[in-house]
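**Q** Predicted model, plus sequence, below.
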Amino acid sequence: MIRIDELLQAYRQGFFPMADPDDGKTYWCRPHKRALFSLEAYRPSRDVQRLLRKNKFSVIFDRDFDGVISGCAAPRKNDPETWISTEIIEVYRKLYRLGLAHSVESRYQGELVGGLYGLAIGGAFFGESMFSLRSYASRVAFDRLVYHLRMKGYLLLDAQIMNPHLRKLGAVEIEHEEFMVQLDHALRKKIVFL
């Protein structure tokens, strides 16, 4: 089982856990290039802006962490495998109870239809995963997360490994060394997430 102190130290050193879908074992990852979002440069798409204006989704923080992490771990239409193992779910539940892991939940007519979860340390937020059962549900949750992080003074929103969805949301890739400089600066901040 991953120990909390071990996991927090790993994040501070630029690592994050991923389970191998084949053998179920958890491995520490530290990619050569890191995906992240510029909190200042992020702009929501017109579709997200329209949905926000119409209040199609209500967005809530930290009400249903279990629902969000379970939604993130569930198989996807085009990808039945998941890197979120039972071990990872359990350690993040502990982090949530300690006030370090957080969820952002999109609800439609009261039902959880999307969201994301991650870990907050200092002025860094490490986005772990997102899911969506309804179009744009996770994008609206992400938009509200960015807004919240800006208001609180966070410096870093880590997205870990680039993929087409993250790129579409505005993530950029930087070299590991540059990521570590930004991470070091962000970790010096003392911010309470909620």
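**A** Structure's in. What do you need?

**Q** for the longest helix along the chain, which positions count as buried?
**A** Counting by DSSP state H, the longest helix found in the chain is helix 137-152. Using 16 or more other CB atoms under 10 Å as the test for burial, helix 137-152 gives 137-146, 148-149. In short, each C-beta sits where N, CA and C put it, glycine included.

**Q** Residue 54 - how many residues pack around it?
**A** Using other CB atoms under 10 Å, residue 54 is surrounded by 8 other residues.

**Q** From residue 140, how far out is it?
**A** Distance of residue 54 to residue 140, given as CB to CB, to the nearest Å: 11 Å.

**Q** Check residue 5 too.
**A** Using CB to CB, we find residue 5 at a distance of 35 Å from residue 140.

**Q** So residue 25 versus residue 85, what's the distance?
**A** Going from residue 25 to residue 85 by CB to CB gives 8 Å.

**Q** Regarding this protein, what is its longest strand?
**A** Determined from DSSP state E, the single longest strand within the chain is strand 111-121.

**Q** Alpha carbons of the next helix or strand after that strand, in PDB - could you do that?
**A** Per DSSP states H and E, strand 111-121 leads on to strand 124-132 as the next helix or strand towards the C-terminus. Extracted C-alpha coordinates of strand 124-132, given in PDB (Å, rounded to 0.1, in the frame of the first residue of the first chain):
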ATOM      1  CA  ALA A 124       0.300  23.600  -6.700                       C
ATOM      2  CA  PHE A 125      -2.700  21.700  -7.800                       C
ATOM      3  CA  PHE A 126      -2.000  18.300  -9.400                       C
ATOM      4  CA  GLY A 127      -4.900  17.300 -11.600                       C
ATOM      5  CA  GLU A 128      -5.300  13.500 -11.600                       C
ATOM      6  CA  SER A 129      -8.200  12.600 -13.700                       C
ATOM      7  CA  MET A 130     -11.600  13.800 -15.000                       C
ATOM      8  CA  PHE A 131     -14.800  12.100 -16.300                       C
ATOM      9  CA  SER A 132     -17.900  13.100 -18.100                       C
END
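
**Q** for the nearest residue to residue 145 once chain neighbours are set aside, what are its contacts?
**A** Sequence neighbours aside, residue 104 is the residue nearest to residue 145 in space, at 4.8 Å (criterion: CB to CB, 6 or more residues apart in numbering). For residue 104, the contact set (CB atoms under 8 Å, 6 or more residues apart in numbering) comprises 59-61, 68, 115-117, 141-142, 144-145, 148.

**Q** what's the most distant pair in those?
**A** 68 and 148 (15.2 Å; CB to CB).
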